[in-house]
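> could you look at this predicted model? Sequence included:
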Amino acid sequence: MTDKSKELTASIHLLNEKLHFEGNVIGNNPISIDYTFPLGDNLGYTSLELLLLSLSSCVGSSMLVFLRKMKKNISGLDIKTIGIRKEEHPTAFKTIYLEFILKSKDTSSEDFDKVIKLSEETYCPVWSMIKGNVEIIVTHHIVST
């Protein structure tokens, strides 16, 4: 068996005459991937939407691991991610905004900045792959619970 942390395998299968795919990774539920009208039927996530979700979950996961190692009490985390696309082709993201709403009674802004820096510089592979190609702007709000 392959070590999932070292090698990942994904597959997609075309479902219609346009751009609707079903994506699979062994051991997980399939996801629907499509494109907007008129090329697609808007029946699933677009590739760029999946990238935003990947970045958000990658950063959020690494942050939570470090905050918990710091013995911080976390009662919730919401991340809103907005991608602004270039006008010209390829219409990749030029800027991504990550807005964190962290619910914690004992996490300071300094703690947050420390774990975001760790995520960016060392522990979030998605951020590492897009860093230098996309401006990423991070804001946060800590709600004391």
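Happy to help now that I have it.
> give the contact list for the residue nearest to residue 16 when sequence neighbours are not counted.
Spatial nearest neighbour of residue 16, chain neighbours left out: residue 41 (7.0 Å); criterion: Cβ to Cβ, 6 or more residues apart in numbering. Heads up, the C-betas are built off the backbone N, CA and C, glycines and all. For residue 41, the contact set (Cβ atoms under 8 Å, 6 or more residues apart in numbering) comprises 16, 18, 20, 34.
> redo the residues you listed as CSV? Include distance to residue 59 and secondary structure.
Output for the contacts of residue 41, formatted as CSV (distance: Cβ to Cβ, whole Å; DSSP: H, G, I helix; E, B strand; the rest coil):
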residue, distance to residue 59, secondary structure
16, 34, coil
18, 32, coil
20, 29, coil
34, 26, coil
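> what about residue 95, how many residues close to it?
Close neighbours of residue 95, defined as other Cβ atoms under 10 Å, add up to 13.
> re the thing from before, now the residue nearest to residue 16: how far from residue 98?
30 Å (Cβ to Cβ, to the nearest Å).
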